[in-house]
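*Asks:* I'll drop the sequence and a predicted model, then ask my questions.
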Amino acid sequence: MMKQVLSKSLIAVGIGASASAAALWLSSKPNRIKAESVLRDLKHKIKPNEFIKSELLPVKKGGNPDPHDVEDNNMVSEGAMYSVNFYNEKVQ
């Protein structure tokens, strides 16, 4: 019984000392940057697909519009005309 209490208290002291040492180490900006870099690299090793999904957007028609897509062309022309009309109203 006494050994369990002693071991639990030693574990608690060890965890507390580790936490305070980590807080002290992370108090300087270069160490925080290093820690962030290590955690980011570790995250990419564990889940590499999340990084790729966030970097590459699902753009299928970007910069290459289909001339036969009437709805898309109308939307683009309306957007273009909105800015032209806005400019004309401000100037006149």
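*Replies:* Arrived safely, thanks for sending.

*Asks:* what's the neighbour count on residue 35?
*Replies:* With neighbours defined by other C-beta atoms under 10 Å, the count for residue 35 comes to 13. Placement of C-beta: from N, CA and C, glycine included.

*Asks:* right, and it touches residue 28 too?
*Replies:* No: between residue 35 and residue 28 there is no contact under C-beta atoms under 8 Å: 10.4 Å.

*Asks:* any idea how the chain splits into domains?
*Replies:* The record's domain parsing of the chain by automatic domain parsing lists 1-58, 63-92.

*Asks:* mean pLDDT for those domains: which is lowest?
*Replies:* Of all those, domain 63-92 carries the lowest average pLDDT, namely a mean of 75.

*Asks:* touching, residue 26 and residue 32? I think so.
*Replies:* Yes: contact criterion C-beta under 8 Å: residue 26 and residue 32 qualify, at 5.4 Å.

*Asks:* all helices for this protein, in order.
*Replies:* Counting by DSSP state H, residue ranges of the helices within the chain are 2-25, 29-46, 48-55, 70-91.

*Asks:* give me the distance between stretch 79-86 and the centre of its chain.
*Replies:* 34 Å (C-alpha atoms, centre = their mean, to the nearest Å).

*Asks:* which residues are contacting it?
*Replies:* Taking contacts as C-beta atoms under 8 Å, 6 or more residues apart in numbering, no residue outside stretch 79-86 touches it.
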